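>>> this is a predicted model, with the sequence first.
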Amino acid sequence: MNKKDRQILRELAKQYMEICNYPIQDERRKLWTEKNSLKETRPLIFVRFGMWNAWCTDIFGDHTLLCEDEFFRFYERHFRMNLFHYEINDDWIFEPYVTVRAVFETDSWNNLWGIPVSVTPSSMEGGAAKYETALKDWSMMSLLRVPQHKIDEEKTKQRYSLLSDAIGDIIPVGVDRSPVCLGFSMDISTHLGRLRGHQQIMLDMYDAPENLHKLLSFMRDGILENQRQAEQAGDITLLSHVNQAMPYCRELEGPKINSGPRKRKQIWGYSAAQEFTLISPAMHQEFLLQYQLPILENFGLVAYGCCENLTEKIEMLRQIPNLRIIAVTPSANVHKCAEKIGTDYVLSWRPNPGDMVGYSFDEGRIRRIVSDAMKSLKHCHTIIVLKDIETVQNEPDRLKKWVELVRKITST
């Protein structure tokens, strides 16, 4: 590491640690603990950037970074993003450590199941890429492989040493050895879409249900095996929480580095079904949820949903015995969902980011949408999440203004 990179990273780490040590972080931990334990608190508000496209490229793009080494540029961006996020003043918690992700032999995105998934980039700048169907016909099932929990210890040690030597005296550095089959890689739905294609999945349910069930069974068992291997190796820790929120609650320990091994029953699990948003509840049950349940039941608490409409599936989700958070997306009926969820679960409402900050910042429109939703949400354990932000039209201060406005609306 050259002297310049080291100096840049150390200064950013100092600024970040200062934020982490502010009393507001403990206040937020208490609020999240109560919220996720189904205790009455004010609505919690936070911003999940989600999509880092044109609007953030101007702020955190490669041309904005000062470090020369690619490894340290990653952490420079990490710190700068967090320092920017702090200024938004939402209820996000900034943890007093930084982590190095272990290096795995299995690629969790493009080759998780042994058949490489190729992506065709967009022909236009900032456009959507297209996943090419990997499992083109059922004869390729024999090529599938169970994701193994294998860590390249030497490369992982090198990455840890590099970062620890640079800033370890300023901020604690930990290694995240969580298995690849967590989050979206354990919901089956995400990688099923990449293996077969969304349209083909719908056809498979009618034309080849036996083969589809066989594939789903293989993926369920593969995910369970990957997680079992990680748990047996002691690599599931308090860094392994995933719930698209802040993982604090009375029932489980909060996140921290160097926690030592934990069981899945001691952490949050997460699943979604974005690829099944147009699928009926009955077929969602038959071709997804029944395969997710044996995975989810191993965790302490579970969050379910990302961008899919779950309005007509709330009753179905009640089968998940440890379910705690349900996502209510822009395409969902927030009033129906609030009625069905009640106070049984945490309701994570995600208003349309376009309406909130995307194509303009219209205070009247935001006030109208949020106030209307709060007529039903005020009786629920509500989280309000601004996520999947594609643009702020070069006005990043909209995010802070949005938080301030929504906080005023929900406090009346």
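Received, thanks.
>>> mind checking the SS state of the residue positioned nearest the centre of the chain?
Geometric centre of the chain, nearest residue: residue 244, 4.5 Å, by CA atoms, centre = their mean. Classification of residue 244 by DSSP: H, G, I helix; E, B strand; the rest coil places it in coil.
>>> now for the spatially closest residue to it that is not a sequence neighbour: which residues touch it?
The spatially closest residue to residue 244, leaving aside those adjacent along the chain, is residue 303, at 5.7 Å (CB to CB, 6 or more residues apart in numbering). The way it works is simple: take the backbone N, C-alpha and C, and place the C-beta from them, glycine included. Applying CB atoms under 8 Å, 6 or more residues apart in numbering, we find residue 303 in contact with 242-245, 268-271, 324-327, 348.
>>> swap in 6 Å and give it another go.
By CB atoms under 6 Å, 6 or more residues apart in numbering, the contact set of residue 303 is 243, 244, 270, 325.
>>> can I get those in a markdown table with pLDDT?
Shown next, in a markdown table, are these (pLDDT from 0 to 100):
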| residue | pLDDT |
| --- | --- |
| 243 | 97 |
| 244 | 96 |
| 270 | 98 |
| 325 | 98 |
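>>> any idea which of those residues is closest to residue 11?
residue 244 (31.3 Å; CB to CB).
>>> now the nearest residue to residue 358 once chain neighbours are set aside: how far from residue 369?
Distances taken as CB to CB, 6+ apart place residue 391 nearest to residue 358, at 5.6 Å, with adjacent residues excluded. Distance of residue 391 to residue 369, computed by CB to CB, to the nearest Å: 18 Å.
>>> equivalent analysis for residue 159, please.
Residue 159 is 44 Å from residue 369, by CB to CB.
>>> do the same with residue 252
33 Å.
>>> who has more neighbours out of these two?
Taking other CB atoms under 10 Å, residue 252 and residue 369 do not tie; residue 252 has more neighbours (23 against 17).
>>> leaving out the residues flanking it, which one is nearest to the more buried one?
Among residues not flanking residue 252 along the chain, residue 300 sits closest, at 4.9 Å (CB to CB, 6+ apart).
>>> over to that neighbour: give its phi and psi.
Phi and psi for residue 300, reported as degrees, to the nearest 10, are phi -70, psi -50.
>>> touching, it and residue 249? I think so.
No: applying CB atoms under 6 Å, one finds residue 300 not in contact with residue 249, separated by 8.7 Å.
>>> higher neighbour count, those two?
residue 249 (24 against 20).
>>> any idea how far that one is from residue 35?
For residue 249, the distance to residue 35 (CB to CB) stands at 8 Å.
>>> cool, and residue 158?
Using CB to CB, residue 158 is found at 40 Å from residue 35.
>>> so those two - more neighbours on which side?
Higher neighbour count among residue 158 and residue 35: residue 35, with 24 against 13, using other CB under 10 Å.
>>> any buried residues in the helix or strand harbouring residue 74, and which?
Using DSSP states H and E, residue 74 falls within helix 70-88. The neighbour-count check on helix 70-88 (16 or more other CB atoms under 10 Å) flags 71-73, 75-80, 82, 84-86, 88 as buried.
>>> now the helix or strand following it: average pLDDT?
The helix or strand immediately downstream of helix 70-88 is strand 98-101, counting by DSSP H and E. Strand 98-101 comes out with an average pLDDT of 98.
>>> residue ranges with poor pLDDT in this protein?
Filtered on pLDDT under 70, the chain yields the residue ranges 1, 50-61, 126.
>>> so where do the strands sit in the stretch 201-350 of the chain?
268-271, 301-304, 323-328, 346-349 (DSSP state E, counting those that start in this stretch).
>>> what pairs with the longest one, parallel or antiparallel?
In the sheet containing strand 323-328, the strands it pairs with under DSSP bridges are strand 301-304 (parallel), strand 346-349 (parallel).
>>> can you list those strands in a markdown table and add distance to residue 203?
Below are these laid out as a markdown table (distance: least, CB to CB, whole Å):
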| stretch | distance to residue 203 |
| --- | --- |
| strand 301-304 | 26 |
| strand 346-349 | 32 |
